[in-house]
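Engineer: model this:
(4 chains)
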There are 2 protein chains.
Amino acid sequence: MLVDTGSCERTPQACHQGRSENGCADCKVRLISVCSVLEPTELEELEALSHHLTLDKGQTLFGQDEPAGSVFNVIEGALRLTRLLPDGRRQVMGFALPGDFLGLALQVRYSVSAEALGPVRTCRFGREDFAAVVEAKPHLLRSLHERAGYELTLSQEQMLLLGRRTAEEKVAAFLLSLRDRYARIGHSSVTVELPMGRQDMADHLGLTIETVSRILNRLDRAHAVLLVPGGARLIDLSRLERMAAS
Amino acid sequence: MLVDTGSCERTPQACHQGRSENGCADCKVRLISVCSVLEPTELEELEALSHHLTLDKGQTLFGQDEPAGSVFNVIEGALRLTRLLPDGRRQVMGFALPGDFLGLALQVRYSVSAEALGPVRTCRFGREDFAAVVEAKPHLLRSLHERAGYELTLSQEQMLLLGRRTAEEKVAAFLLSLRDRYARIGHSSVTVELPMGRQDMADHLGLTIETVSRILNRLDRAHAVLLVPGGARLIDLSRLERMAAS
DNA sequence: CGGATTCCTTGCGCTGGATCAAGGCCCCGG
DNA sequence: CCGGGGCCTTGATCCAGCGCAAGGAATCCG
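Structural biologist: Down below sits the predicted model:
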């Protein structure tokens, strides 16, 4: 079940706490989220529409083809964005990290399902509410559009990966791209966290779980990476980059 | 070489003809392009910034990673949008058809190369010029953003295809999706035009040219499609849909 | 009209990654 | 401390699609 700690209808006092301990002003992801383009007064305006929503590992934020009632800022944790084929085959379109905005396209239905890979905190807005704010603030729309452009670039990168790379190239490129994304949100480290399981990586890279496992362990044995629980330390970056052939 | 028939610097009289025989008002793709959201006065404003540009088969409209000096509406013909790996492997990200807008994301550099598959007519705008118009007209930005959302959905569909479908499913899904896109721009027909070559399809679907050829001919022999020069007639739609597993 | 070029088809053997099948490890609850 | 379940690893075998090679059809051009 979804837990909407920010439901304001009946408990307006709890609401402020629900939204954020001290409001958007000291939100962890303010500077890396779409909100970074907003003025303080605009931020307050948006804050009045926001609800906090937390999920535990495995819970679904929204499902593919459901009416898109809300849009979300990811504050903490990671989610898996998936699409299903009728026969159950699964493609993981990507992973949402803190600072990411879900529902970017403001479309009527969600095009993917979003599931929590661990404890997740999000900032929720009613889609109509949010769309109205966007309508009134072209620079916010501009920012969303820029993000959409970035997403489009990422998805092109992913298509190139899925269509034209070998299994080893895929895994190496995945580790490097994840490291870049963490760096982009100010979470740089030699050790890349892997909050997703092997099956999720496989479904993201168009491989099987066995192949992903084999290749990760091969990279480990070759001292290109060091596998640790829940992550991987990238030892030989230049070798990985050569492997990724990017 | 690019032929910019709309270059206004030295031949202002030729310019109007260069733009469009009778201006945007009776542009073939006005109703299906981004321009469809513009008022007549806005259309004139944009027309003043437009230049016609035609290409012959094989010519490059722009190249991957080049500074994005212009954005384009495709008026007629089709283009191939590709990305290259350093070693020459190629992924065709998609095909641009009449009504499509190239440079949607308004980014500083092109993320793909665009090459004409046959004679192509486009309507070109300086990126800065166009961005200024967009800045002044939020509903145009809104329309661009909607298109970006549609592109994002298409590219997710393509990722699912590349990652999780068999060769036969890929080819069937490709034919059907092309048919849908032609229908969307008012070019419905049982016979789907295939302005791209086998190698382009292969590079789009993550297959080899041989596999594409084999499967198309297998579908032909099975009377699911009828191959004709430059296209394919979709005979057994329901069978193709079952194959595509969408 | 003939020669060249480009694109497409088809056959054949090979291989990268899938599939099948066992375990192994770790965490959690009792 | 033990037992069960979820995830991960590893080995053995298989096969869909690849790579190579040869030939065919369409188009262009002199």
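
Engineer: beta partners of the most centrally placed residue in chain A?
Structural biologist: Central residue of chain A (C-alpha atoms, centre = their mean): residue A:96, 0.6 Å from the mean position. For residue A:96, the beta-bridge assignment (DSSP bridges) gives partners residue A:79.

Engineer: Pull up the gap between it and residue B:193, please.
Structural biologist: 38 Å (C-beta to C-beta, to the nearest Å). Yep, even glycine has a C-beta here, placed from its N, CA and C like the rest.

Engineer: re earlier: and the residue nearest to the centre of chain A, what is it in contact with?
Structural biologist: Taking C-beta atoms under 8 Å, 6 or more residues apart in numbering or on different chains, we find residue A:96 in contact with A:74, A:78, A:79, A:81, A:102, A:114.

Engineer: Kindly recompute the last result at 6 Å.
Structural biologist: Residue A:96 makes contact with A:74, A:79, A:102, according to C-beta atoms under 6 Å, 6 or more residues apart in numbering or on different chains.

Engineer: Next, the last one: phi, psi?
Structural biologist: Dihedral angles phi and psi of residue A:102 (degrees, to the nearest 10) take the values phi -110, psi 120.

Engineer: okay but it is in contact with residue A:70, surely?
Structural biologist: No. The pair residue A:102 and residue A:70 fails to qualify as a contact (C-beta atoms under 6 Å) at a distance of 8.7 Å.

Engineer: Show me where chain A has its strands.
Structural biologist: A:51-55, A:60-62, A:70-76, A:79-84, A:90-96, A:101-102, A:113-116, A:120-126, A:191-193, A:225-228, A:231-234 (DSSP state E).

Engineer: In CSV: those strands, plus mean pLDDT.
Structural biologist: Putting the strands of chain A into CSV (pLDDT from 0 to 100) gives the following:
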stretch, mean pLDDT
strand A:51-55, 95
strand A:60-62, 97
strand A:70-76, 97
strand A:79-84, 97
strand A:90-96, 98
strand A:101-102, 98
strand A:113-116, 97
strand A:120-126, 97
strand A:191-193, 96
strand A:225-228, 97
strand A:231-234, 97
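
Engineer: Can you select the buried ones from the contacts of residue A:96 in ChimeraX?
Structural biologist: Buried residues within the contacts of residue A:96, by 16 or more other C-beta atoms under 10 Å in any protein chain shown, are selected in ChimeraX with:
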select /A:74,79,102
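
Engineer: for the contacts of residue A:96, which one is nearest DNA strand C?
Structural biologist: Nearest to DNA strand C among the contacts of residue A:96: residue A:79, at 20.4 Å, using C-beta to the nearest atom of the strand.

Engineer: rewinding a little: the residue nearest to the centre of chain A and DNA strand C, how far apart?
Structural biologist: Distance, residue A:96 to DNA strand C, by C-beta to the nearest atom of the strand, to the nearest Å: 24 Å.

Engineer: could you measure that residue against DNA strand D, distance?
Structural biologist: Residue A:96 is 19 Å from DNA strand D, by C-beta to the nearest atom of the strand.

Engineer: Please list the residues of chain A that sit near chain B.
Structural biologist: Residues of chain A lying close to chain B by C-beta under 6 Å from any C-beta of the partner chain are A:83, A:85, A:89, A:91, A:93, A:105, A:107, A:111, A:138, A:141, A:145, A:148-149, A:152-153, A:155-156, A:158-160, A:162-164, A:206, A:245.

Engineer: Since that was my last question, I'll sign off now.
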